[in-house]
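> One predicted model, sequence on top.
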Amino acid sequence: MNVKNELMSIEAANVLINAGKVLVIAGDESLFSKLDLGNWIGGTVSCFMGENGGEVNHTEVFVSDFTDTIASFSMKEYDANEITTTMFQDRYSKGFSYLLLPGFSEVHQTYALKTRDASTLFDVPMMGWVTGVPLMDIKTKAPKVINGKTGVVSATKGLVLHCELKEGTYAELDIVNIYEQRVGDIITFQEDSFSCSDCLINGAPANLADYYIKNKIDVSLPLVANYSGASINVSITSVDEAAKRVSFFAPVLRGQEYSIAKPIEDLYGTFSNALPQDISDLLCSCNCILNYTNIDMKNKLSGDFRGPFTFGEIAYVLVNQTMITLSLHSF
Amino acid sequence: MLPKFNEKEWKDLLLNKEIPPLNSLSLKLKLASLKANIKIEKATLMEATVELHAYCAANEKLHSKDLKLIFKNT
């Protein structure tokens, strides 16, 4: 592994901050006011892939230290108008960018919906995650991002650490997704949206909520689209029988074909077997909070991977129920 | 050297006539995004081909293994 990725005390994180290290920090919102200002961006989450397995931790922060792998960096905030315009222009052409989006915010939704219009999206690796709150606080607290340069806490702006890599190296994103399309009904949508009522099922008009209810579909199974060999998930937030509407944690998109995921008997075994064995090139990773809950990852290791469990993962596009890995290679 | 944009393999990829097992996530996502844009008529096949070619030209080293797979017969 090229980068320090670990849970640590506030005191230990402040030692790194005061040494001028370039960091991405994840933790409970209450902890960020105890961190010194410096070269870091932060996001609120309180569940982690730790050394002893999945854990909820309200006293330590998870730190990824990119200092030794990068040549230069910049940290910037973006609103919903800038997140798919200026933000892409600010990326280093030979580098990667690490994006934190406050969960349930306009900037989160805009990024997810408008990235398809950005022709340069795939030119530079774009890793990141959607910030969250403890699951018990989901209806009362807003997820946040924290700008370590200024200390400003925001529930509305996206924060990005743009990193330029050293000569002769390049970064590569990949995903670990245990779900794949089942053979069966093909679901398509006529608008890009985080929720839907009408859709097409095998080309015929249908109501998605009715379809879920009639077929008693397990909502822990995501909708899966096949992106030229990559399975991309959209998780179900809720099926509202009265409103005949299904809500999602990521948008469904026009032009993509979705199927319900194949059921998996042994979720943890399947996840463990899907993990890459060689992590010598790994920079960092994050995993989905729905994997923590559905796979029941409490006290269970994610192989040698460490990182936050998040409310949405960004591997260029917003995905769900997926682990993201960012690796560093030499040309 | 990267095959020119008018080679048939580019169009075959975009029209699902060839579905090679690609390795690179970014190339898979780029390709899927272009295919979807053709389907919803946000881009013509020609526009998508030019964009895919330009993307691969800019990232030729990164996608060298996948490009060999795509152009295995040339």
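On my side now, so go ahead.
> drop to CA atoms for contacts and neighbour counts, all remaining ones
Will do.
> List the buried residues in stretch A:246-264.
By neighbour count on 16 or more other C-alpha atoms under 10 Å in any protein chain shown, the buried set for stretch A:246-264 is A:246-262.
> right, is it up against chain B?
Yes: if you take C-alpha under 8 Å from any C-alpha of the partner chain as the test, stretch A:246-264 does meet chain B, through A:R254, A:G255, A:Q256.
> so who does the second one touch?
Going back to what we said before, that points to A:G255. Taking C-alpha atoms under 8 Å, 6 or more residues apart in numbering or on different chains, we find A:G255 in contact with A:T188, A:F189, B:K35, B:A36, B:N37, B:K39, B:I40.
> Now list the buried members of these.
Among those, those buried by neighbour count (16+ other C-alpha under 10 Å) are A:T188, A:F189, B:K35, B:A36, B:N37, B:K39.
> so what secondary structure elements neighbour the helix or strand harbouring the fifth one?
Think B:N37. Following DSSP states H and E, one finds B:N37 within helix B:25-39. Applying 3 or more C-alpha pairs under 8 Å, 6 or more residues apart in numbering or on different chains; DSSP states H and E, we find helix B:25-39 packed against strand A:169-176, strand A:223-227, strand A:230-234, helix B:8-14, helix B:45-58.
> Could you check the angle that helix makes with strand A:169-176?
70 degrees (axes from the mean of the first three to the mean of the last three C-alpha atoms, to 10 degrees).
> how deep is A:I138 tucked in, by neighbour count?
Per other C-alpha atoms under 10 Å in any protein chain shown, the neighbour tally for A:I138 reads 11.
> Got phi/psi on it?
Torsion angles at A:I138 (phi, psi; degrees, to the nearest 10) stand at phi -60, psi -30.
> how about the nearest residue to the closest residue to chain A within chain B, chain neighbours excluded?
Closest residue of chain B to chain A, C-alpha to the nearest C-alpha: B:A36 (4.3 Å). Closest residue to B:A36 apart from its sequence neighbours, by C-alpha to C-alpha, 6 or more residues apart in numbering or on different chains: A:G255 at 4.3 Å.
> Check B:S33 too.
A:R116 (6.9 Å).
> So that neighbour lies in a strand, does it not?
No: with DSSP: H, G, I helix; E, B strand; the rest coil as the criterion, A:R116 is helix rather than part of a strand.
> can I assume it is in contact with B:L34?
No: in this structure, A:R116 is not within contact of B:L34 by C-alpha atoms under 8 Å, at 9.2 Å.
> So those two - more neighbours on which side?
Neighbours per residue, other C-alpha under 10 Å: of A:R116 and B:L34, the larger number sits with B:L34, 23 against 19.
> Give me the phi and psi angles of residue 70.
Chain wasn't specified; assuming chain A. Per-residue torsions, A:I70: phi -120, psi 160 (degrees, to the nearest 10).
> You answered for a different chain; I wanted chain B.
phi -70, psi -40.
> need the contact list for it.
Contacts of B:I70 (C-alpha under 8 Å, 6+ apart): B:E9, B:P20.
> Repeat the analysis, applying 10 Å as the threshold.
By C-alpha atoms under 10 Å, 6 or more residues apart in numbering or on different chains, the contact set of B:I70 is B:E9, B:W10, B:D12, B:L13, B:E18, B:I19, B:P20, B:P21, B:L22, B:S64.
> Pull the contacting residues for the residue nearest to B:S33.
If you count contacts by C-alpha under 10 Å, 6+ apart, then A:R116 has A:T84, A:D192, A:L253, A:V317, B:K30, B:S33, B:L34, B:A36, B:N37 around it.
> The first one should be in a strand, yeah?
No: secondary structure of A:T84 (three-state DSSP): coil, not part of a strand.
> Quick one: neighbours of it, just the number.
23.
> B:E7 now?
B:E7 has 12 neighbours, counted by other C-alpha under 10 Å.
> on that earlier part again, tell me what angle the helix holding B:N37 forms with strand A:223-227.
Counting by the same axes, to 10 degrees, helix B:25-39 points 100 degrees away from the direction of strand A:223-227.
> Can you show me the CA trace of helix B:25-39 as PDB?
Coordinates of each C-alpha in helix B:25-39 appear next as PDB, following Å, rounded to 0.1, in the frame of the first residue of the first chain:
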ATOM      1  CA  LEU B  25     -13.100   0.700 -15.700                       C
ATOM      2  CA  SER B  26     -12.800   4.100 -17.200                       C
ATOM      3  CA  LEU B  27     -12.900   2.700 -20.800                       C
ATOM      4  CA  LYS B  28     -15.900   0.500 -19.900                       C
ATOM      5  CA  LEU B  29     -17.700   3.600 -18.400                       C
ATOM      6  CA  LYS B  30     -16.800   5.800 -21.300                       C
ATOM      7  CA  LEU B  31     -18.000   3.300 -23.900                       C
ATOM      8  CA  ALA B  32     -21.200   2.700 -22.000                       C
ATOM      9  CA  SER B  33     -21.800   6.400 -21.800                       C
ATOM     10  CA  LEU B  34     -21.300   6.900 -25.500                       C
ATOM     11  CA  LYS B  35     -23.600   3.900 -26.300                       C
ATOM     12  CA  ALA B  36     -26.300   5.400 -24.100                       C
ATOM     13  CA  ASN B  37     -25.900   8.700 -25.800                       C
ATOM     14  CA  ILE B  38     -26.400   7.100 -29.200                       C
ATOM     15  CA  LYS B  39     -29.500   5.300 -28.000                       C
END
